[in-house]
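**Q** My questions are about this predicted structure, shown below with the sequence.
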Amino acid sequence: MAETDWVACVDDLKGVVLDMCGVLYDSGEGDGAPIAGSVEAVKRIRASDLKLRFCTNETQATRESFVAKLRRLGFDISVSEVFSPPPAALAILQERGLRPHLLVHDGVLPEFDKLDKSNPNCVVIGDAADNFSYKNLNDAFRVLMGLEKPALFSLGRGRYYKETDGLKLDVGVFMKALEFACDVEAEVVGKPAQMFFKSVLADMGLEPHEALMIGDDLVNDVGGAQRCGMRALQVRTGKYRPSDEQHPSVRADGYVDDLAAAVDALLKHRSQ
């Protein structure tokens, strides 16, 4: 199959949803680094008639903080266009009257300032990075084991992600440990949950078949979007591995070298 065969399937496209880390930039020391061509690719989408949103499982900072970082890297992005797990989890916890024990990164704690955290009746786990110590995991384990009806919320379920110095373990690894130890199934808030993608589509005012997801994570970005009825491309940047293209159960609608190549092919096809 030719590299650009996928463009024939998006003639009715009205919107594009972009993953962020691994598609727009690689995180790491300082602000990280933009992936070559990605800043201009975002500008080109904005200049077209396509709607644009950003869908991320970033849980090491508030939306305001990491949008400010991306703007410093040169990206034209506003907070209202970005969908991430912490605000979605906050809404769920408030709606259900839950008091969380938080095992998250220090940078995202302000998202939960409004919540009562005394006598917790659930656990929320995110990409806590160095906060994933034995003690902190064991504290979360003890909270869950002390509840009659344990409730575990995971801000995404990624296995790993890429920073400028290499691959890093993501929240899904630690989520699985707590699930196994406590005999509980986590409620995932973020990709690949269908409700997360549906909230993005609702904001765009689009049906699933009218939107295209572009991500570096085959299972969470591509597979999650496809289960929601969207089409999805995988970029060969970020956490991509060649073995992804032979995955036994998830196959992207197309594979592209990077975001710039995807936008080139897409806009060229739409201009014909």
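**A** Alright, I've got the coordinates.
**Q** Next secondary structure after the lowest-mean-pLDDT helix or strand in the chain?
**A** In the chain, no helix or strand scores lower on mean pLDDT, DSSP states H and E than strand 160-163, which sits at a mean of 86. Later in the chain than strand 160-163, the nearest helix or strand by DSSP states H and E is strand 166-169.
**Q** List the buried residues in that next one.
**A** The neighbour-count criterion (16 or more other Cβ atoms under 10 Å) identifies no buried residues in strand 166-169. The way it works is simple: take the backbone N, C-alpha and C, and place the C-beta from them, glycine included.
**Q** With stretch 63-82 instead?
**A** Under the neighbour-count rule (16+ other Cβ under 10 Å), stretch 63-82 has 63, 66-67, 69-70, 73, 75, 77, 81-82 buried.
**Q** model confidence over that stretch, on average?
**A** What stretch 63-82 shows for mean pLDDT is 95.
**Q** Over to that stretch now: how far is its first residue from its last?
**A** 7 Å (Cα to Cα, to the nearest Å).
**Q** coming back round to it: now for the least confident helix or strand of the chain, which elements pack on it?
**A** Here strand 160-163 touches strand 166-169, going by 3 or more Cβ pairs under 8 Å, 6 or more residues apart in numbering; DSSP states H and E.
**Q** ok, residues contacting the following helix or strand past the strand it packs on?
**A** Next helix or strand after strand 166-169 toward the C-terminus (DSSP H and E): helix 171-182. Residues outside helix 171-182 that contact it (Cβ atoms under 8 Å, 6 or more residues apart in numbering) are 57, 59, 103, 123, 125-128, 132, 137, 140-141, 144-145, 150, 152, 154-160, 184-186, 188.
**Q** who touches the next helix or strand after helix 171-182?
**A** Per DSSP H and E, the first helix or strand lying C-terminal to helix 171-182 is strand 187-189. Residues outside strand 187-189 that contact it (Cβ under 8 Å, 6+ apart): 85, 88-89, 92, 151-157, 175, 196.
**Q** Sounds good, over and out.
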